[in-house]
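Enquirer: give the three-dimensional model of this entry:
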Amino acid sequence: QLHFVESGGGLVQPGGSLRLSCTASGSTTQSHISWFRQAPGKVPEGVSCIANIEDIAFHAASVKGRFTISRDTTSNTIYLQMNNLKVEDTGVYYCAVWGCLGFESSPPPPEWGGWGQGTRVTVSS
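Expert: As a prediction, this is how the structure comes out:
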């Protein structure tokens with residue numbers, strides 16, 4: 001079972017950029033890896049997913065064109081490049097092994113035991 005450490009969050013102004021990292025305890029090449037976020041008072045929502053076939057990427061409509069997910073197999077790291085950040089992108093971001101077909105429609109519930117510590121992103125002026 002893979003374990004993940006998320007990093008790269010911080011405080012940024014609207015329109016700014018951040019790159020989040022998700023470092024796995026082992027190889028991720030055989031897995032779909034998804035990024036989720038949870039805003040204060042809300043349930044987790046799917047942000048992006050990278051498939052285990054040709055690293056095909058999927059993005060939620062709310063971030064499409066602004067976020068890019070990528071995989072570095074040499075370091076077992078999944079990146080989320082976030083550009084043109086908006087206030088509504090604020091939240092704690094998590095990564096997990098989660099199918100790309102369901103990352104947006106069926107994210108893990110808040111009580112799911114697979115959440116890591118996450119990395120906090122705050123977009124504010």
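Enquirer: in which helix or strand does the residue most central in space within the chain reside?
Expert: In the chain, the C-alpha nearest the mean C-alpha coordinate belongs to residue 35, at 2.3 Å (C-alpha atoms, centre = their mean). According to DSSP states H and E, residue 35 maps onto strand 33-38.
Enquirer: and the helices in the protein?
Expert: With DSSP state H as the definition, the chain shows no helices.
Enquirer: what segments of it are strands?
Expert: Along the chain, the segments classed as strands by DSSP state E run 4-7, 10-12, 18-24, 33-38, 45-50, 57-59, 67-72, 77-82, 91-97, 119-123.
Enquirer: in JSON lines, list the ones you listed along with mean pLDDT and distance to residue 109.
Expert: Where you see a C-beta, it was placed from the backbone N, CA and C, and this is true even at glycine. Formatted as JSON lines, these follow (pLDDT from 0 to 100; distance: least, C-beta to C-beta, whole Å):
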{"stretch": "strand 4-7", "mean pLDDT": "96", "distance to residue 109": "18"}
{"stretch": "strand 10-12", "mean pLDDT": "98", "distance to residue 109": "27"}
{"stretch": "strand 18-24", "mean pLDDT": "97", "distance to residue 109": "20"}
{"stretch": "strand 33-38", "mean pLDDT": "96", "distance to residue 109": "11"}
{"stretch": "strand 45-50", "mean pLDDT": "97", "distance to residue 109": "12"}
{"stretch": "strand 57-59", "mean pLDDT": "97", "distance to residue 109": "20"}
{"stretch": "strand 67-72", "mean pLDDT": "97", "distance to residue 109": "22"}
{"stretch": "strand 77-82", "mean pLDDT": "98", "distance to residue 109": "21"}
{"stretch": "strand 91-97", "mean pLDDT": "96", "distance to residue 109": "12"}
{"stretch": "strand 119-123", "mean pLDDT": "98", "distance to residue 109": "20"}
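Enquirer: on that earlier part again, what's the angle between the strand holding residue 35 and strand 18-24?
Expert: 120 degrees (axes from the mean of the first three to the mean of the last three C-alpha atoms, to 10 degrees).
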